[in-house]
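Visitor: Sequence first, then the predicted structure:
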2 protein chains.
Amino acid sequence: MSPAKTGGRAAAPLTPAQRSLAGRLPFAGLSDAQRAEMVRAATLHPLRTGDTCFAQGAQAHRFFVLLDGALKLVRTTDRGEHVVLLHIAPAQLFGIAAAFGHDTHHAAAHAVTEGRALSWPASLWARYIRDYPGFNAASRTALGSRNDAFAGRIIDMATLPVERRIARAIRGLIARYGRQAAGGIEIGFPITRQDIAELTGTTLHSVSRYMSQWQRAGIVENHRKRVIVRRAEDLPV
Amino acid sequence: MSPAKTGGRAAAPLTPAQRSLAGRLPFAGLSDAQRAEMVRAATLHPLRTGDTCFAQGAQAHRFFVLLDGALKLVRTTDRGEHVVLLHIAPAQLFGIAAAFGHDTHHAAAHAVTEGRALSWPASLWARYIRDYPGFNAASRTALGSRNDAFAGRIIDMATLPVERRIARAIRGLIARYGRQAAGGIEIGFPITRQDIAELTGTTLHSVSRYMSQWQRAGIVENHRKRVIVRRAEDLPV
DNA sequence: GCCCAAATTTGATCTGGCGCAAAGTGCGGC
DNA sequence: GCCGCACTTTGCGCCAGATCAAATTTGGGC
């Protein structure tokens, strides 16, 4: 009945920084003691743009939650091609090889903005799943929404021509990471044409071509590593 | 402490048929009483080839486990194109909209062989997840392996030419549903060129062309709705 | 054993988008 | 403020694979 029995004796009170983190754990239904326990077990990772949280193929020693910022999960093929599988938004779990029954990470995690993440030793995964319903639910949500996203990607790649795939990818990024900008909504982190190509399974050339076309039509505004969408409703389909 | 309190009074003993089903529930760590309870709550669905377990967009009243046979999950786009998202093998959960937080099924489930499935009311999902660790684990496994499969598909579609996608799809089907046949291993259910096209995001014409090529090279043997692989190691990459 | 619908094969043509090449351009660093 | 690099744009030729069109095969139903 008492899950917070990690140490026999009473734990030291949380520092103010830890207390702040405890309040930001995106797991519902945890008691204060449980939040405290999780924060004590966690490591805080400040992330700068471009940082690698973990590499593809690395031992999955830890699993993560993103607190702030954004990152991308990238899988590299044996022939060196990069595919962006997913972008991670704050409050989402990532690096959860344990959930797939893997002992290595099958993709690399790269920060695309500065931000912060928390991580825990993989050995705690099963315990949190078992003892903390909110954590169990969060892990399930993570898997469920990834499934949705992946299924959508498969449909898109199987049925849509490149132009519309790019349009949908940009719409998706705007929906999840959009922020107000002069004259429209912009994707909330620096993103290159190459990145968009890796996200849509095409080449940076095609991405550039279609986006230039849209810019001429006044639908988007292109800058180096920035995309501002002026009229999302006019992006193809 | 006593989870099997569904009815106040003692439940009737299981019929032999029910007892047999109870033994086949693919959830580890259930007590006999729990197995009995699940079987009593379940509906048995005999499936004939071509049967629809549920349609895309239907209310997700129930979730399922496949006992025997095989089925495919198909999503149809707004423009009427079919994409095969996944094949389901025995012991796998499917129709688990609840796991994604959906209240409708986002794909149709069609039997590709005769077989049997069990289903439960969706209202029991949360209870089983909470009370039956083996069920919780199975649901997690289902989501995890789907994630893996989907991620693989995305990588393939983003980086491989059609011929190699078809080859990989056939390899995958052989690995999961292969059975001994005269002169090689065959895919364990009837499958058309069109089906393979919907599984690889291409056209039946391209599938037919490449498979004919492989047949001329003695790598496969093609029949109507049947594929026998003679030398899997010679399928492209 | 015949008939027919469904599945498959194959040919001919067309084109979206890739590969290659080269010229522009914005931006961080010094 | 200038330099250089990374990112971006654009043109051009080409080809994998889609589309269009038909002929051919297959096996189940009667």
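Guide: It's in. Just so it is clear, the model here is predicted, and its values are computed rather than measured.
Visitor: C-alpha only now, for contacts and for neighbours.
Guide: Fine.
Visitor: Correct me if wrong: A:Asp68 contacts A:Pro90.
Guide: Yes: the pair A:Asp68 / A:Pro90 is scored as a contact, 5.2 Å apart, by C-alpha atoms under 8 Å.
Visitor: If we ignore the residues flanking it in sequence, what's nearest A:Pro26?
Guide: A:Ala91 (5.5 Å; C-alpha to C-alpha, 6 or more residues apart in numbering or on different chains).
Visitor: The one you found in helix, strand or coil?
Guide: Of the three states, A:Ala91 takes coil under DSSP: H, G, I helix; E, B strand; the rest coil.
Visitor: how near is it to chain B?
Guide: Applying C-alpha to the nearest C-alpha, to the nearest Å, the value for A:Ala91 to chain B is 17 Å.
Visitor: That residue: what's it in contact with?
Guide: Neighbouring residues of A:Ala91 by C-alpha atoms under 8 Å, 6 or more residues apart in numbering or on different chains: A:Leu25, A:Pro26, A:Val65, A:Leu66, A:Leu67, A:Asp68.
Visitor: And for A:Leu30?
Guide: Contacts of A:Leu30 by C-alpha under 8 Å, 6+ apart are A:Tyr132, A:Gly134.
Visitor: what pairs with the spatially most central residue of chain A across the strands?
Guide: The centroid of chain A falls nearest to A:Ile88 when counting by C-alpha atoms, centre = their mean (0.9 Å). As for beta bridges, A:Ile88 partners with A:Leu71 under DSSP bridges.
Visitor: next one: the one 5 residues further on
Guide: A:Leu93 has these beta-bridge partners by DSSP bridges: A:Val65.
Visitor: if I read this right, it contacts A:Leu67, doesn't it?
Guide: No: counting by C-alpha under 8 Å, A:Leu93 does not reach A:Leu67; the two are 9.6 Å apart.
Visitor: Now do A:Arg231, the pLDDT please.
Guide: We have a pLDDT of 96 for A:Arg231.
Visitor: burial of the nearest residue to it once chain neighbours are set aside, as a residue count?
Guide: Nearest in space to A:Arg231, with sequence neighbours left out and distances taken as C-alpha to C-alpha, 6+ apart, is A:Ile219 at 5.1 Å. Counted with other C-alpha atoms under 10 Å in any protein chain shown, residues neighbouring A:Ile219 total 21.
Visitor: In contact with A:Ile219: list those residues for me.
Guide: A:Val229, A:Arg230, A:Arg231, A:Ala232, A:Asp234, A:Leu235.
Visitor: Let me see the backbone angles for it.
Guide: Main-chain dihedrals, A:Ile219, degrees, to the nearest 10: phi -80, psi -40.
Visitor: separation between the residue lying closest to A:Asn136 once chain neighbours are set aside and A:Phe27?
Guide: Nearest residue to A:Asn136, sequence neighbours excluded (C-alpha to C-alpha, 6+ apart): A:Ile129, at 4.6 Å. Distance of A:Ile129 to A:Phe27, given as C-alpha to C-alpha, to the nearest Å: 11 Å.
Visitor: Check A:Thr76 too.
Guide: 31 Å.
Visitor: so where's chain A shaky on pLDDT?
Guide: A:1-11 (pLDDT under 70).
Visitor: 80 - rerun?
Guide: For chain A, applying pLDDT under 80 flags the ranges A:1-12.
Visitor: Can you name the residues of it sitting close to DNA strand D?
Guide: A:191-194, A:204-209, A:211-213, A:222-226 (C-alpha under 7 Å from any atom of the strand).
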